[in-house]
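> Below are the sequence and a predicted model for it; my questions follow.
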Amino acid sequence: MRYPKAKWLGNGKTYGEHRSPPFKIVMHTTETTVIPSYSNGDHAPHLTFDPKTLEWVQHSEFELVAGALRNESGGVQTNADSAIQVEMICYSDKRVADKSEARLWVGHLSEAALRAVGEFWSWCNQAFGVKLKVWDSPKVGNACYGSGSPCRMPPAVWDEWNGICGHAHVPENAHWDPGVFDFETALTFARPGYKGVLNVPNTDWARTVIDDLIEDGVIITSDDFVDDWNDDDFRMGRLWTLQWRMMQALKEA
């Protein structure tokens with residue numbers, strides 16, 4: 001499968017099919033100003049994103065294993081554990097980025113770039129069932145350097161992780177990218193109505209509206225929707241989305 005907004009390059013080496021679900025997204029930074037060669041494609045991710053131009057290029061199909069992560073013999077699977085990998089053309093190390101105006105520090109990504117990343121995450125949520133949540137790392141930046149850093153997921157947690165994380169959070173790896181990348185803001189663009197940004201707290205009002213519409217037959221629900229509606233996380237997300245859309249409609253009216 002390919003991301004519809006990406007230009008297809010197909011120059012990434014792949015290593016068979018993924019071994020086990022669930023899918024997860026791993027974000028990297030290239031530490032360059034242009035798309036690198038990725039060792040002639042041996043270590044290419046699935047996608048490279050340019051935050052300056054907002055352009056995407058795809059190196060390999062998502063269903064096949066990319067090689068951007070270190071994978072130690074005899075340990076947990078990293079690349080092959082259904083990891084969708086994205087490199088962003090920017091720098092995690094601010095000291096290195098500051099040496100040239102041509103270098104973009106990950107902490108200076110524009111709102112448009114964060115929105116583009118969030119839109120990709122949203123697409124992955126629909127295409128692969130990746131949950132729209134990020135790994136809660138205890139530290140960020142170069143404090144995450146090293147395979148033994150507290151930022152890394154335990155192998156068993158990584159194996160079951162269904163969400164979004166950085167290279168810094170993957171076991172068996174030492175790199176600390178994407179540094180101070182603003183996961184939370186990107187996530188707000190992945191989830192319309194995400195409560196961390198909208199500042200519209202009255203979900204009881206939205207719940208009442210939806211329940212009344214269902215009771216009156218205005219909203220026709222499937223059995224699957226009813227089952228999901230009983231899940232607190234699903235219901236809260238839908239409530240925030242509905243309320244945000246209603247508030248926008250009122251502003252435009």
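It's in.

> Need the residues that contact stretch 129-137.
22-25, 84, 121-122, 124-125, 144, 151, 153, 161-166, 168-169, 183-184, 187, 190-191 (C-beta atoms under 8 Å, 6 or more residues apart in numbering). All C-beta atoms are positioned from the backbone trio N, CA, C, and that covers glycine.

> Now, these that are in helices?
For the contacts of stretch 129-137, the ones inside helices are W121, S122, C124, N125, F183, E184, L187, A190, with DSSP state H as the criterion.

> Going by distance to Q77, which of the residues you listed wins?
Nearest to Q77 among the ones in helices among the contacts of stretch 129-137 is C124, at 19.2 Å by C-beta to C-beta.

> Look up how far A143 lies from the closest one.
Computed as C-beta to C-beta, to the nearest Å, the C124 to A143 distance reads 28 Å.

> more neighbours, the two?
Taking neighbours as other C-beta atoms under 10 Å, C124 and A143 compare with C124 leading, 22 against 14.

> burial count for the closest residue to the more buried one other than its chain neighbours?
Nearest residue to C124, sequence neighbours excluded (C-beta to C-beta, 6 or more residues apart in numbering): V130, at 4.4 Å. With neighbours defined by other C-beta under 10 Å, the count for V130 comes to 22.

> cool, A174 as well?
15.

> Which secondary structure state is assigned to N173?
Using DSSP: H, G, I helix; E, B strand; the rest coil, the three-state assignment for N173 comes out as coil.

> contacting residues around the spatially closest residue to R70 that is not a sequence neighbour?
Leaving out its chain neighbours, the residue that sits closest to R70 by C-beta to C-beta, 6+ apart is N173, at 4.8 Å. Contacts here follow C-beta under 8 Å, 6+ apart; on that basis N173 touches L69, R70, T78, S147, R152, H167.

> Does the first one touch M27 like I think?
It refers to L69. No: checked against C-beta atoms under 8 Å, the pair L69 and M27 is beyond contact range at 11.7 Å.

> Overlap in contacts, the two.
By C-beta under 8 Å, 6+ apart, the residues touching both L69 and M27 are H167.

> Just want to know which of the two has more residues nearby.
Counting neighbours by other C-beta under 10 Å for L69 and for M27 shows that M27 has the greater number, 26 against 23.

> what about this structure, any weak spots by pLDDT?
Low-confidence segments of the chain, defined by pLDDT under 70, are located at 192-253.

> Could you list the domains of it?
Per automatic domain parsing, the structural domains of the chain span 6-190, 195-252.

> deepest of those domains, which one?
Among the domains of the chain, domain 6-190 has the highest mean neighbour count (mean count of other C-beta atoms under 10 Å), at a mean of 18.

> Let's see the distance spanning that one from one end to the other.
When the termini of domain 6-190 are compared using C-alpha to C-alpha, to the nearest Å, they are 17 Å apart.

> Equivalent analysis for stretch 51-70, please.
End-to-end distance for stretch 51-70: 25 Å, by C-alpha to C-alpha.

> before we move on, what about stretch 9-26?
For stretch 9-26, the first-to-last residue distance is 20 Å (C-alpha to C-alpha).
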